[in-house]
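> Mind folding the following:
(chains A and B)
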Amino acid sequence: MSRAALPGFRDFYPQELAERAYVMNAWREVARRYGFLEYDGPPLEPLELYTAKSGDEIVGQLYVFEDKGGRKVALRPEMTPTFARMVGARLNALRKPVRWFSTPQLFRYERQQKGRLREHFQLNVDIVGESDVAADAELLALAIDVMREVGLTASDVRARVSDRRLIGALLAHFDISEEQQPLVYAALDKLDREPRSVLEKRLTDGGLAPHTVGSLFEAVAAKNLDELRVRLGGVRAMDEHFDNLRRYFELLGSLGVAEWVQLDLSVVRGLAYYTGIVFELFDTAGEFRAICGGGRYDDLLATLGGTAAPALGFGMGDVVLSELLRSRKLMPALQPAIDYWVASDDEALLPDVMFVAGRLRRHGHSVEYSLKAQQLARQLKAAASAGAAQVVILLRDQWSGGAGTATLKNLADGSERVVRGDELFNIPV
RNA sequence: GUGGCUGUAGCUCAAUUGGUUAGAGCACCGGUCUGUGGCACCGGGGGUUGCGGGUUCAAUUCCCGUCAGCCACCCCA
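The predicted structure follows:
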């Protein structure tokens, strides 16, 4: 029998659980600040929920099995289908736009790598019912504020932004056919990982004219809208998309996150899914996978069988973000901390120790004491390593069965004072 | 799913061309120390050298398989 957790699954020891809680608390805090409401759904869903959106190929990447009722079920690999179902079922009754978030544990049956396990927690934030680009700006600002909340800066993390519709217009402008588009998207996606010459050859092999490929890469290298416009020589067909993106960047400036954001048309994300502005957050040093990815998916709710409604959202996993925080020394260490440790110099006083501990606990304090007889020095040592703020010391000769006094020692500065038994229970922490 | 690299204590690492009982630091537990913590000194527990097989008088070391981790591909929550 193997003693280890399944590959890609994690045991959360207290330190790791504290780290997970730290990240998830930051998620909740920022989502709350933006007025988003938390929801959740089942971790186990009908398999069709995912095949309807992504096709049968996805089954190979899921934890799938048949339940005892003969239903084909899957552990949820993503939250969006569940979200779409829940929103779709009550769309008419919900206040619009819907602003919801969730922090589900998700599962994928894939070979694990750094930053990519078979199980992770993911912040999901979605907006439904608003097509204005202001919603896109609000969404990205929220993601960026999570970075701020955990101590990262614009020099650590950058948001890369693209627009599916603008890319579409660009490809049309270059007369790139429908069949060639997947090839082009794949090449864009690999721009920062493979030499440009290799990618160019792949595209020309795929039937694109060399001068088209050159102009395409030239255009995609633009770092901002003005640069792009110049490189395209002022193409009218894209004015609408330019205006839209320009307003997007302006609104991001109003929200105070402009310095985090840059145009990058090589951002691709899921092809079948997104219909408008897409973005991803990544570490500027390029050490890790994308921290977060998302965008506008206006057609998805209709595809999943619900009512059509404009929608957008992002997912941010705990694994990459935690790795980044640890590497930047921004992950807080678990600090054990209790209010009181109760000690004594006589093991016969254990009932008194437990009586005092019980009273203090009923007053709402966190209290610990030695469960076995130990020298006083040992108990003090244990108190210090448990992070006790104060130690209540019951001394045989002073305590007198509760009628006498106890010594209250402050472990931070070593100061002591003598208190009556009945005073002990009215001391502020 | 395909290919490459790596597996020694909870962690970081030692161990002669293959050679006795696999060591050290940190961490953990205890002693010096029955009226007082952090320090120091001393001691203790903890290993099927990932697992299985092979070669050899002898394997942590060499070979094969397998499992796991890391990296790349695929795919992107």
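
> where does chain A dip in pLDDT?
By pLDDT under 70, the low-scoring segments of chain A are A:1-3, A:53, A:234, A:271, A:427-429.

> Report the residue ranges of every domain in it.
A:14-327, A:338-426 (automatic domain parsing).

> Return the set of buried residues in the helix or strand where residue A:262 lies.
Using DSSP states H and E, residue A:262 sits within strand A:261-263. By 16 or more other CB atoms under 10 Å, the buried positions in strand A:261-263 come out as A:261, A:263. Using the backbone N, CA and C atoms, a C-beta is placed for each residue, glycine as well.

> hmm, who's touching it?
A:140, A:144, A:158-162, A:222-225, A:228, A:245, A:249, A:252, A:279 (CB atoms under 8 Å, 6 or more residues apart in numbering).

> can you rerun that using 7 Å?
With contacts defined as CB atoms under 7 Å, 6 or more residues apart in numbering, strand A:261-263 is touched by A:140, A:158-161, A:222-225, A:249, A:252.

> partners of it, with directions?
strand A:157-163 (parallel) (DSSP bridges).

> For RNA strand B, see how far away residue A:99 is.
Distance, residue A:99 to RNA strand B, using CB to the nearest atom of the strand, to the nearest Å: 18 Å.

> Next: residue A:156.
19 Å.

> can you check residue A:52 too?
On the measure of CB to the nearest atom of the strand, residue A:52 and RNA strand B end up 15 Å apart.

> Can you tell me what sits against the helix or strand harbouring that residue?
Using DSSP H and E, the element containing residue A:52 is helix A:48-54. Helix A:48-54 is contacted by residues A:58-59, A:62, A:74, A:77, A:81, A:303-304 when judged by CB under 7 Å, 6+ apart.

> ok, the residues you listed vs residue A:117, which is closest?
residue A:77 (12.4 Å; CB to CB).

> Not counting sequence-adjacent ones, nearest residue to the closest one?
Closest residue in space to residue A:77, ignoring its immediate chain neighbours: residue A:108 at 4.9 Å, by CB to CB, 6 or more residues apart in numbering.

> now swap in residue A:265 and tell me
residue A:220 (4.5 Å).

> Name the SS class of the spatially closest residue to residue A:27 that is not a sequence neighbour, please.
The shortest distance from residue A:27 to any non-neighbouring residue, by CB to CB, 6+ apart, is to residue A:123 (4.3 Å). Assigned with DSSP: H, G, I helix; E, B strand; the rest coil, residue A:123 falls in the strand class.

> got it, and residue A:419?
strand.
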